[in-house]
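Undergrad: after the sequence you'll find the predicted model.
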Amino acid sequence: MARIVAILAMPGVQLLDVSGPLDVFAEANVQAGKEIYRLRVIGRGPGEIRSSSGTRLRPDLVIAQAMEERIDTLLVAGCPNFADARPDPAAVAWLRKAAPRARRYGSVCSGAFLLAAAGLLDGRRVTTHWAVSARLAAMYPAVRVDEDAIHVRDGKLRTAAGVTAGLDLALALVEEDLGREIAMKVAGQLVMFFKRPGGQMQFSRKGESLPAGRSALQEVQRFVAADPSADHSVASLAARAGLSLRHFARLFRDEVGVTPASWVEGCRVAAARRLLEAGREAPKQVAARCGFANADTLRRAFARHVGVTPAEYRRRFARA
């Protein structure tokens, strides 16, 4: 019998969170030469689902009917407002019943918030879009959030990072079911990576956040950002703020959320990203302009913050 793949799409859903995985499973049927997967979109209630782009989806089932289906794989698609919205009680109640009955379940992007509200992520390692990963971890402390992963497998749970990562997750599920050869054919037909290089932090702009904390600390942060190549030891920054070294370090960590040294390194990496995207200078020059001792130091710091090497980052993001 065909395996039912069901995607729960709530009002305001990100369209690609639904259509991307479904296209991967549909192409797997083509490459396998038979219907391996039967695809279903599940709605909160009757009627069309208006997506975040304004496009409307017509669900195959509503949650009241879906318990009658033998769902093999259940995924929750994300919505741009899931991190801020109150979880839908009916959807949460349905997920608590339906997810344990499925062979595997999971989410794409911010769909993880709905699973977390249902208690289905407690004690599990998961991922979600980098922009809301900290929010998920803060709202649900029992969940272990990997903010860099493209997709994560933990038991019968599968979670994917933002939007296009839903395709990566679906392809991984096809490989689980049908093997590497079919999955590679699907990737080739859809012109996508079989295994995407690097994690999602290469797309993140977390290191370029606005200055935080009291005015004296913000002035120090602006000073560092204006000239990342200068000497920015903790002692020199404390002196600039007019504070003792110990008081400055404690205040900075409490109000900004990281140590001064970590913030300086992140600021320098952010500057390096901009230079690498411009694509004109050699790594040695980029390192010098951003305050790193040499290209090796830049490479190690860059890999810690971004998840890929400077050379890999330049290949993917440099302007022509």
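TA: On my side now, so go ahead.

Undergrad: excluding its backbone neighbours, what's nearest the residue nearest the centre of the chain?
TA: Note on the chain: the residue nearest the mean C-alpha position is His129, at 2.6 Å, using CA atoms, centre = their mean. Leaving aside its chain neighbours, His129 sits nearest to Gly162 (3.5 Å; criterion: CB to CB, 6 or more residues apart in numbering). The way it works is simple: take the backbone N, C-alpha and C, and place the C-beta from them, glycine included.

Undergrad: what about that neighbour, distance to Gly54?
TA: Going from Gly162 to Gly54 by CB to CB, to the nearest Å gives 20 Å.

Undergrad: ok, back up a step: roughly how far apart are the residue nearest to His129 and Gly20?
TA: In terms of CB to CB, Gly162 sits 11 Å off from Gly20.

Undergrad: with Val258 instead?
TA: Taken as CB to CB, the span from Val258 to Gly20 is 34 Å.

Undergrad: then Met10?
TA: From Met10 to Gly20 the distance is 16 Å (CB to CB).

Undergrad: so which of these two has more stuff around it?
TA: More neighbours surround Gly20 than the other of Met10 and Gly20, with 24 against 21 (other CB atoms under 10 Å).

Undergrad: dump the residue contacts of that one.
TA: Contacts for Gly20 (CB atoms under 8 Å, 6 or more residues apart in numbering) come out as Val108, Val163, Thr164, Gly166, Leu167, Ala170.

Undergrad: so what pLDDT did it get?
TA: On the pLDDT scale, Gly20 is placed at 96.

Undergrad: mind checking how far it is from Gly43?
TA: Taking CB to CB, one finds Gly20 at 18 Å from Gly43.

Undergrad: Ser53 too?
TA: 17 Å.

Undergrad: more crowded one of these two?
TA: Shown here are Ser53 and Gly43; by other CB under 10 Å, Gly43 has more neighbours (24 against 11).

Undergrad: how about the helix or strand hosting Leu251: buried residues?
TA: When elements are assigned from DSSP states H and E, Leu251 belongs to helix 245-256. Within helix 245-256, the residues that count as buried by 16 or more other CB atoms under 10 Å are Phe248, Ala249, Leu251, Phe252, Val256.

Undergrad: the third one contacts Leu217, doesn't it?
TA: Yes: assessed by CB atoms under 8 Å, Leu251 is found in contact with Leu217 at 6.8 Å.

Undergrad: stretch 64-76: end-to-end distance?
TA: 16 Å (CA to CA, to the nearest Å).

Undergrad: can you give me the helices for the stretch 101-250 of the chain?
TA: For the stretch 101-250 of the chain, the helices defined by DSSP state H, counting those that start in this stretch cover 112-117, 133-139, 165-178, 180-190, 215-226, 234-241, 245-256.

Undergrad: who touches the fifth one?
TA: Spelled out, that is helix 215-226. Residues from elsewhere that reach helix 215-226, judged by CB under 8 Å, 6+ apart: 211-213, 230, 232, 237, 240-243, 251-252, 255-256, 263-264, 267, 271.

Undergrad: of the residues you listed, select the buried ones using a PyMOL command.
TA: Only the buried entries of the contacts of helix 215-226 go into this PyMOL selection, using 16+ other CB under 10 Å:
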select buried, resi 211+213+232+237+241+243+251+252+256+263+264+267+271
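
Undergrad: coming back round to it: surely the residue nearest to the centre of the chain touches Cys109?
TA: Yes: counting by CB under 8 Å, His129 does reach Cys109; the two are 5.0 Å apart.

Undergrad: who touches both of those two?
TA: Common neighbours of His129 and Cys109 (CB under 8 Å, 6+ apart) are Gly78, Ala161, Gly162, Val163.

Undergrad: most neighbours among those residues, please name it.
TA: Most surrounded of those: other CB under 10 Å gives Gly78, at 32 neighbours.

Undergrad: list the contacts of the closest residue to it other than its chain neighbours.
TA: Spatial nearest neighbour of Gly78, chain neighbours left out: Cys109 (3.1 Å); criterion: CB to CB, 6+ apart. By CB under 8 Å, 6+ apart, the residues touching Cys109 are Gln14, Asp17, Ala77, Gly78, Thr128, His129, Ala160, Ala161, Gly162, Val163, Ala165, Gly166.

Undergrad: and Cys109, what's its pLDDT?
TA: 95.
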